[in-house]
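Asker: Turn this into a structure:
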Amino acid sequence: MTGRARHRRRSTVAVLTAAAALTAGLLSSAPLDTAATAATTASTATGSNTATVFYYTKTHNWSTYNLHWAPDGGSWTATPGTAMQAACTDWVKKTVDLGSASGLQATFNNGAGTWDSNGGKNYALGTGTVVVKDGVIAHSDPCGADNGGGSASPGPAPSQSPAGASTTVYYYTKSRNWSAYDLHYAPNGGTWTTVPGVAMEAACTDWVKKTVALGTANGLAATFNNGAGAWDNNNGNNYVVPAGISTVQNSTVTANTADPCAGVKPDTTAPSVPGSVNASATDTSIVLTWEPSTDDTRVTGYQMTRTGGTKGTSVINAGSTVYSDTGLEPRTVYTYTVKALDAAGNVSAASAAAVATTGDAPPPAKAGEMIGTDPRKDPIYFVLTARFYDGDTSNDRGGSQNVASGNAANNDPMFRGDFKGLVQKLDYIKGLGFSAIWITPVVLNRSDYDYHGYHGYDFYKVDPRLESAGASYQDLINAAHAKGVKIYQDVVYNHSSRWGAKGLFVPTVYGVRDSQWSWYYDDKEAGFEYDGLTIDPKTGKSYYNGDLWSSTQPAGQTCVGWGTPTQYKSPEGYTIYNCQWPNPTSGMFPSKYYHQCWIGNWEGEDSRSCWLADDLADFNTENAEVQNYLIGAYNKYIDMGVDGFRVDTAVHVPRVTWNRRFLPAIQQRVTQDWGPAKAQNFFVFGEVAAFVNDKWNRGSVNHSAQFYTWKERTDYTSNDVQAALDQYTYEEQLGTGNQPTSTNAFLDGNTYHAPDHSKFSGMNIIDMRMHMNFGDAHNAFNNGKDSDDSTNDATYNVVYVDSHDYGPNKSSVRYTGGTDAWAEDMALMWTFRGIPTLYYGSEIEFQAGKQIDCGPSCPLATTGRAYYGDHVEGSVTASDFSVVSSASGAVATTLQQPLVKQVQRLNQIRRAVPALQMGQYSTEGVNGGGMSFKRRYSDATSGVDSFALVSVTDGATFTGIPNGTYQDAVSGDVKVVADGTLAIAAPGKGNLRVYVLDRGGKNAAPGKIGTDGPYLK
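Answerer: Numbers count the residues shown, from 1 in each chain. Down below sits the predicted model:
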């Protein structure tokens, strides 16, 4: 993620002074459906601390229903629990006394060995009225008891209507797809029901209804919700519903209308039986899959029955056709059948049984060890882990923006792909020919939309939404290494998420669960801690902020104007309070941990010492405590054996801080763990975002990528804050004409010379200049060459066309130059200096022309960060790099695409010619070639001496080269040079020639490598 990308997005959110915590623009990221006047949830029954638990019976059809339960912190009832009594049609209930407990753990059973225990997790229930229906928890009485009271809602004065008047409200469900529907209302001039309101009952297909007595009122104000935090409140205006019969359909109220269910026959047709049920075991987990059922209205879910093991029969509910059953007993046979459910409670017959036998529980992952070879040998495949391949559906999470973003409608949660998916598709990546994978940050994130990993919260913990049993981060590292593939971890030193950094400092923000904000501020729950994955059954949410807010200013909190109202309003019209959201200028974040300003000049000193955006709290990286926190965190991943770090937003940390603190710490730890030989190959490459075509970014050396490859060249004060200021001033005054230069990337004529890395900082760079110019490969080539003398060693540059942030020329869409241009770009990247890198899916022009990132304002499926898994479904086995020995399913089709063939063969050629991996280059004596050059790599220790002449697309004549026999690695053509001259005819766009000098022995020319494809031939 680049600072520039954030700057562009931040422009939609005004930066406020200390007097204001945030703007309405920021709140647009909050859920769209909210109760405009929701009262504080009353969870305790009047007069006592009880819970009345309702359980849905229609889809179970047991003869007896028992509630087996334990108050939070207390003991469980004796098995099978206490009998539940009939409540109304299709419902049983039980009221239990909780004493002083704030809730209960619950399971249900039939008294004869069949259990519903929420898939082995138990149901965590609160106080008051609690409803459990097909695995979903809601909170209003399904048998029709109205809960009066609650807070008053402002509205028009009531006009009189005859005593005993009523209204019947029909609500359209098809566009909502909730599991429960509640009506939260207030008669005109009266008080609101207690949140979440009263349960609505099924009326007919796509409709629910509720009849409400109005007394003397002539109508009511209404909102609708699912009992678990999702609301339809008419965009904050409430619905105005008069007496009589009214429908609410797609935000429109139709008054005095006919009953929409009149004459509609009840739905009594069950869904079709689920087909092709398959159970597959890995260790002590079983993944169950089946074909979707059909129904005359709509299938709403599935019910699995599992038998086997010592724990009896279990009934498990699922919303999709994939279920991951984890934590099972080892070496045990389990049998599953599946039924389909519809909205009317009709249940299909059971499917054919599927059987699987678990293995042994997986042992803890063994410690990893970095591979430690020259990183220039390894082309890089870049994946957003959460968007690549979903190996474990049980860790999928949509977050607070799942509905608002449109992801829910696509069944496409933001956290979808995982390490298990990457492990399963390592052979796909290896089959493309890549020997390194750059993965997005792995630390636990915390924000509204954090799947990409750049909102770090707990830097010492791997985000559990990425891990699975037997597929931890360590397991991924080990599995990749076993296939000869490196793992480069994306790391962030510049900022934490909007909520601080756990273990360093997490601010308490102002919040109050009043009639406006109770929808947003989660109720504090003792013992519940945010981890991104764990679902709180009391709310049905995995995201949680109850631990972050307080209505009372805590001791030591220095935020200015704590809790006082500002002049600003949220989109719903709610008052914004000071200290309600993170802000660098409010005093909410102590200066020793976080910087205290907003960026004003992106090419100025403040870009290194101020916040990039409202939800990216900028670390004070010149503070020793912050430095130690980050160094300690990233040491953990070095210990695990990662092979390198891609450094996010490197330009926003002063170079002197990198050179003094972070880069030496990395080298020290890698050397300590793996020895000096491997340590020199731990690959660190930084993102120094620059979006102009000049050699030096707007004339500022401090903001140019190549600047970060150099050590400091003068001494500064020991105070890191002052040293950063002094370094900035010193280098800016020297200017672009007085920066160090290097010949490390260049041949001396035809001779390779030992590079001088004595002034190397330890950080390599992403080649932003080539990246920005890849609208045309010739421009990328010429601009890249122009910067190489000011880079310590450009043969280590990471080169790509597009990424998760930008396409060429600062385009906001994925590269859309066409297949021919892509083939040409690849031919250049794989043969010119630097390390070729491909953003996932570009091998099939995935999402070409689609907006790369629009945050939660549009579905991910419509962006450049869409889910890729559909294209790699099936099996694939790679017998070597670029060699696929077998493939089936969708991945087999993907592997036949023209650019896949291009990248496979380019990787084969590059891997066979050392000069293309590590060689210096020269264009001296190269005539007529737009993209032509010679490269050589020599190493006396190993005896390697590789010399190659390259021409991409264009023809060229090479003069002054060594005489001898040259063989083209693409066509196999042989040319004998006796006069120092070799001419190459133009191979055509997307094609190239690589004439390798045949020196015999280990330096013999390889001849033609691979087979002809659509471009390389």
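
Asker: Surely residue 64 is within a helix?
Answerer: No - secondary structure of residue 64 (DSSP: H, G, I helix; E, B strand; the rest coil): coil, not part of a helix.

Asker: who touches the nearest residue in space to residue 184 that is not next to it in sequence in this structure?
Answerer: Closest residue in space to residue 184, ignoring its immediate chain neighbours: residue 197 at 3.3 Å, by C-beta to C-beta, 6 or more residues apart in numbering. Backbone N, C-alpha and C define where each C-beta goes, glycine included. Taking C-beta atoms under 8 Å, 6 or more residues apart in numbering as the contact definition, residue 197 lies against 140, 147, 182-185, 223, 225.

Asker: any chance you could map the helices in the stretch 451-600 of the chain?
Answerer: Ranges of helices in the stretch 451-600 of the chain, per DSSP state H, counting those that start in this stretch, are 473-482.

Asker: how far away is the residue nearest in space to the middle of the chain from residue 388?
Answerer: Centroid-nearest residue in the chain, with C-alpha atoms, centre = their mean: residue 451, separated by 1.8 Å. Separation of residue 451 from residue 388 (C-beta to C-beta, to the nearest Å): 11 Å.

Asker: and the two most separated of the contacts of residue 197?
Answerer: Pairwise distances across these peak at 14.8 Å for 147 and 223 (criterion: C-beta to C-beta).

Asker: Pick out whichever of those two has more residues nearby.
Answerer: More crowded of residue 147 and residue 223, by other C-beta atoms under 10 Å: residue 223, with 29 against 18.

Asker: And the next helix or strand past the longest helix belonging to the chain?
Answerer: When the chain is parsed with DSSP state H, its longest helix is helix 624-640. Sequence order places strand 644-648 as the next helix or strand after helix 624-640, per DSSP states H and E.

Asker: quick revisit: just the ones in strands from the contacts of residue 197, please.
Answerer: 182-185, 223, 225 (DSSP state E).

Asker: just the strands in the stretch 751-900 of the chain please.
Answerer: 764-765, 798-799, 835-839, 875-880, 883-888 (DSSP state E, counting those that start in this stretch).

Asker: possible to save those as CSV with distance to residue 132?
Answerer: Converted to CSV, the strands of the stretch 751-900 of the chain look like this (distance: least, C-beta to C-beta, whole Å):
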stretch, distance to residue 132
strand 764-765, 55
strand 798-799, 52
strand 835-839, 44
strand 875-880, 39
strand 883-888, 42
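
Asker: For the residue nearest to the centre of the chain, what are phi and psi?
Answerer: The phi/psi pair for residue 451 (degrees, to the nearest 10) reads phi -60, psi -30.

Asker: Wait, it touches residue 384, no?
Answerer: Yes - here residue 451 lies in contact with residue 384, judged by C-beta atoms under 8 Å, at a distance of 7.4 Å.

Asker: in the stretch 51-200 of the chain, which ranges drop under the pLDDT threshold?
Answerer: 145-164, 177 (pLDDT under 70).

Asker: isn't residue 968 right up against residue 997?
Answerer: No - using C-beta under 8 Å, residue 968 is not in contact with residue 997; the gap is 11.5 Å.

Asker: Apart from its neighbours in sequence, what residue is nearest residue 130?
Answerer: Per C-beta to C-beta, 6+ apart, closest to residue 130 is residue 53, 5.2 Å.

Asker: got the contact list for that neighbour?
Answerer: 67, 69, 84, 93-96, 106, 125, 130-132.

Asker: just to revisit the earlier point, what's the mean pLDDT across the longest helix of the chain?
Answerer: Mean per-residue pLDDT for helix 624-640: 94.

Asker: go on, stretch 362-372?
Answerer: What stretch 362-372 shows for mean pLDDT is 87.

Asker: From one end of that stretch to the other, what's the distance?
Answerer: For stretch 362-372, the first-to-last residue distance is 28 Å (C-alpha to C-alpha, to the nearest Å).

Asker: Would you mind pulling the contact partners of it?
Answerer: Here stretch 362-372 has contacts from 283-284, 469-470, 472, 474-475, 477-478, 481, 484, 486, 638-643, 670, 673-674, 677-678, 681-682, using C-beta under 8 Å, 6+ apart.

Asker: Among these, name the buried ones.
Answerer: The neighbour count (16 or more other C-beta atoms under 10 Å) marks 283-284, 469-470, 472, 474-475, 477-478, 481, 486, 638-643, 670, 673-674, 678, 681-682 as buried among those.

Asker: Give me the secondary structure label for residue 68.
Answerer: Three-state call for residue 68 (three-state DSSP): strand.

Asker: For it, give me its contacts.
Answerer: Contacts of residue 68 (C-beta under 8 Å, 6+ apart): 76-77, 79-82, 106-109.

Asker: Residue 926 too?
Answerer: Residue 926 touches 932-934, 956-958, counting by C-beta under 8 Å, 6+ apart.

Asker: which residues of the stretch 501-650 of the chain fall in strands?
Answerer: Remark: strands assigned in the stretch 501-650 of the chain by DSSP E, counting those that start in this stretch are 509-510, 549-550, 565-569, 575-577, 617-618, 644-648.

Asker: would JSON lines of those strands with mean pLDDT, mean neighbour count and distance to residue 59 be doable?
Answerer: Below are the strands of the stretch 501-650 of the chain laid out as JSON lines (pLDDT from 0 to 100; neighbours: other C-beta atoms under 10 Å; distance: least, C-beta to C-beta, whole Å):
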{"stretch": "strand 509-510", "mean pLDDT": "94", "mean neighbour count": "24", "distance to residue 59": "42"}
{"stretch": "strand 549-550", "mean pLDDT": "94", "mean neighbour count": "19", "distance to residue 59": "38"}
{"stretch": "strand 565-569", "mean pLDDT": "93", "mean neighbour count": "14", "distance to residue 59": "45"}
{"stretch": "strand 575-577", "mean pLDDT": "94", "mean neighbour count": "19", "distance to residue 59": "44"}
{"stretch": "strand 617-618", "mean pLDDT": "96", "mean neighbour count": "26", "distance to residue 59": "47"}
{"stretch": "strand 644-648", "mean pLDDT": "98", "mean neighbour count": "25", "distance to residue 59": "48"}
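
Asker: and the ones you listed as JSON lines, adding distance to residue 714?
Answerer: Formatted as JSON lines, the strands of the stretch 501-650 of the chain follow (distance: least, C-beta to C-beta, whole Å):
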{"stretch": "strand 509-510", "distance to residue 714": "43"}
{"stretch": "strand 549-550", "distance to residue 714": "47"}
{"stretch": "strand 565-569", "distance to residue 714": "47"}
{"stretch": "strand 575-577", "distance to residue 714": "48"}
{"stretch": "strand 617-618", "distance to residue 714": "26"}
{"stretch": "strand 644-648", "distance to residue 714": "24"}
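
Asker: Before I go, just wanted to say thanks for your time.
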